[in-house]
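> Attaching a predicted model along with its sequence, questions to come.
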Amino acid sequence: MNSSVTLQSERVSRSRDIERLVEGMATSDGAGVRLTRLLSQPLQKRLDPFLMMDAFGSDDPSDYIAGFPDHPHRGFETITYMIAGRMLHRDSAGHEGLLENGGVQWMVAGSGVIHSEIPQQKEGVMQGIQLWLNLPAADKMTQPWYRDFAAEELPRFTTDESVQAVVIAGHSHGVAGAMQRPVTQPLYLDLHMPASATFQQALPVEHNAFIYVYEGKLTIKGRSVAEGHMAIFSNKADADGVIIQADEDSRAVVIAGQPLKERIVQYGPFVMNTEEEIHQAFNDYRAGRFGGTIATHQG
């Protein structure tokens with residue numbers, strides 16, 4: 001979807017700098033899907049409201065073919081960006097959707113859902129990013145919700161320097177993203193930057209923000225961010241955004257959000273505010289209170 005609005009300039013007078021570079025840790029999840037974990041529990045407080053981010057990408061089917069069979073979640077949202085490949089989602093709330101090249105799946109686990117994500121391909125490249133976004137305490141037990149966005153449904157724009165931006169969430173250059181979340185106010189951009197191009201993005205001072213380069217190499221305030229690395233932006237009071245320069249043809253996601261500043265208690269697929277709530281989540285899951293089974297839903 002090409003934006004029909006006139007682009008608004010996002011002039012940044014002083015760019016944030018890079019506080020820390022994160023290379024990520026190779027791991028596996030689901031039924032053995034190989035991935036790189038870039039945001040894990042030690043960074044949750046620093047990057048509040050974001051809880052986890054995994055990147056996956058391979059042209060070897062053995063790295064992804066088993067997918068993510070039935071597993072539960074409670075207390076947060078999942079955003080899956082399928083850069084390349086096809087994945088089928090089914091869940092215990094009765095939702096089903098096929099996530100394809102360039103599409104986004106947004107799921108609010110809320111009070112509890114069981115879902116599966118299974119590749120719908122036996123060869124070729126499967127590449128994507130999954131991000132976990134925390135829910136405020138007041139909303140953790142909200143009703144589960146789900147939506148797929150096909151690539152053509154995602155707002156996008158092109159700057160004067162030929163930077164192509166896909167606005168998954170939030171606002172950029174006057175373009176509203178596919179999703180808006182009023183409390184955490186997430187910004188989620190996918191940038192395709194030609195060599196030597198620059199991109200400016202205004203950011204509220206209090207928002208935590210980072211960038212993940214999944215192709216190419218970028219520079220921010222004189223510091224390089226290589227492919228496969230995440231850079232956490234500083235929160236200095238005199239910085240009003242970030243200025244990104246591409247050293248070569250590059251692709252990256254820029255993510256930012258309003259911190260909740262609430263206690264985070266995570267145990268596996270459950271993220272709540274107290275240990276008692278985690279125990280209750282396990283009890284509810286074991287008692288079958290996370291909706292109907294996926295098998296029943298599939299019919």
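It's in. Treat the numbers as computed from the prediction; the structure is a model and nothing was measured.

> Show the contacting residues for L203.
Applying Cβ atoms under 8 Å, 6 or more residues apart in numbering to L203 gives the contacts 16, 187, 209, 233, 239-242, 256. Every C-beta, even on glycine, is put in place using the N, C-alpha and C of the backbone.

> go with 7 Å
By Cβ atoms under 7 Å, 6 or more residues apart in numbering, the contact set of L203 is 16, 209, 241-242, 256.

> ok, now H71?
If a contact means Cβ under 7 Å, 6+ apart, then H71 has 114, 269 as its contacts.

> Report the beta-bridge partners for it.
H115 (DSSP bridges).

> next one: V225
L218.

> what's the burial count for it?
22 (other Cβ atoms under 10 Å).

> which one of the contacts of L203 has the most neighbours?
Neighbour-wise, the contacts of L203 (other Cβ under 10 Å) top out at V242, 27 neighbours.

> Quick check: it vs L191, distance?
Using Cβ to Cβ, to the nearest Å, we find V242 at a distance of 11 Å from L191.

> Run through the stretch 151-299 of the chain and note the low-pLDDT ranges.
Flagging of the stretch 151-299 of the chain using pLDDT under 70 yields the residue ranges 292-299.

> again, 80 this time
291-299 (pLDDT under 80).

> In it, what residue spans correspond to strands?
Ranges of strands in the stretch 151-299 of the chain, per DSSP state E, counting those that start in this stretch, are 156-158, 164-169, 171-172, 175-176, 187-193, 198-202, 208-215, 217-220, 223-226, 230-233, 241-246, 250-257, 265-267, 270-272.

> Can I get these in a markdown table including distance to P61?
Below are the strands of the stretch 151-299 of the chain laid out as a markdown table (distance: least, Cβ to Cβ, whole Å):
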| stretch | distance to P61 |
| --- | --- |
| strand 156-158 | 30 |
| strand 164-169 | 27 |
| strand 171-172 | 35 |
| strand 175-176 | 37 |
| strand 187-193 | 25 |
| strand 198-202 | 35 |
| strand 208-215 | 20 |
| strand 217-220 | 29 |
| strand 223-226 | 27 |
| strand 230-233 | 27 |
| strand 241-246 | 32 |
| strand 250-257 | 23 |
| strand 265-267 | 31 |
| strand 270-272 | 31 |
